[in-house]
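Student: All I have is the shape, not the residue letters:
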């Protein structure tokens, strides 16, 4: 594990010595803040309208989790679909381009240590991104009354979703030395998993169930609602482990070429 942490710390440093970390973090926070304050303004407007109409039944249905937190988390997941490929595209592709890939493979490091170290570095960076948006939940806690259990479940879902994105990004980065190709391949893969359930309603009962199960967003949506189901946790764990296993095999195959 020492080698894994060494590689991970090297990856984290490499993000912050380049403009990538600052550009990605700034863009993520700007977009997240824009969505948050617009959703909050819309919630306040609805609250004002229905309060003026003295409609208690509608007012009871207005809550911060449904009208602010849930759409915010879904919007953040869309931003991550775009930004995670930018973060992970350099993980292994850059090593190939710089000619240091062979040095890594001939070093005393095991392939599993290389893959896990680079994955851990990218994961920690994405976890920092997700954690920074916790300020929005903190603002709601100070000035409102959101259901914190639902908020925490939603953020857990967002973190698991982002981790799955990172694992898939690692896989696409292992296939090529061109970072642009790695980023585009990752983006296309994530978009496919994001929208794969769209035709489920018209695909028949069996096929529809399969498409919904394969969809990242279907499992994420359940956690945003505050439902932490073993089925969803197993799904995310399977995606992460499978992507890392295939990345390991992809890197290992270089030795036999």
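Tutor: Okay, I see it. Source: prediction; values computed, not measured.

Student: count of neighbours near residue 16?
Tutor: For residue 16, the tally of surrounding residues (other Cβ atoms under 10 Å) stands at 12. C-beta coordinates here come from the backbone N, C-alpha and C atoms, glycine included.

Student: host element of the closest residue to it other than its chain neighbours?
Tutor: Once flanking residues are discounted, residue 16 sits nearest to residue 22: 7.8 Å by Cβ to Cβ, 6 or more residues apart in numbering. Using DSSP states H and E, residue 22 maps to helix 19-52.

Student: which residues does residue 133 contact?
Tutor: 28-29, 32, 76 (Cβ atoms under 8 Å, 6 or more residues apart in numbering).

Student: Let me know the pLDDT of residue 146.
Tutor: Note for residue 146: predicted pLDDT of 78.

Student: can you check residue 104 too?
Tutor: pLDDT at residue 104 comes out at 57.

Student: Equivalent analysis for residue 63, please.
Tutor: You'll see residue 63 listed with a pLDDT of 73.

Student: count of neighbours near it?
Tutor: Other residues near residue 63 come to 17 when the count uses other Cβ under 10 Å.

Student: tell me the helices in the stretch 51-200 of the chain, going along the chain?
Tutor: Using DSSP state H, counting those that start in this stretch, the helices of the stretch 51-200 of the chain run over residues 56-61, 64, 70-88, 93-98, 101-106, 111-132, 134-143, 148-173, 179-195.

Student: and the last one, how far out from the chain's middle?
Tutor: I take that to be helix 179-195. Relative to the chain's own centre, helix 179-195 is displaced by 13 Å; criterion: Cα atoms, centre = their mean, to the nearest Å.

Student: Any buried residues in it, and which?
Tutor: By 16 or more other Cβ atoms under 10 Å, the buried positions in helix 179-195 come out as 179, 182-183, 185-187, 189-190, 193-194.

Student: that older thread, from the contact counts, what lies against the helix holding residue 22?
Tutor: Here helix 19-52 touches helix 56-61, helix 70-88, helix 111-132, helix 134-143, going by 3 or more Cβ pairs under 8 Å, 6 or more residues apart in numbering; DSSP states H and E.

Student: Chain neighbours aside, what residue packs nearest to residue 116?
Tutor: Nearest residue to residue 116 in three dimensions, chain neighbours excluded: residue 4, at 4.9 Å (Cβ to Cβ, 6+ apart).

Student: Tell me, how many residues neighbour the one you found?
Tutor: Neighbour count of residue 4, defined by other Cβ under 10 Å: 20.

Student: helices and strands of the chain: which one has the lowest mean pLDDT?
Tutor: The element with the least model confidence among the helices and strands of the chain, by mean pLDDT, DSSP states H and E, is helix 101-106, at a mean of 56.

Student: Many thanks, have a good one.
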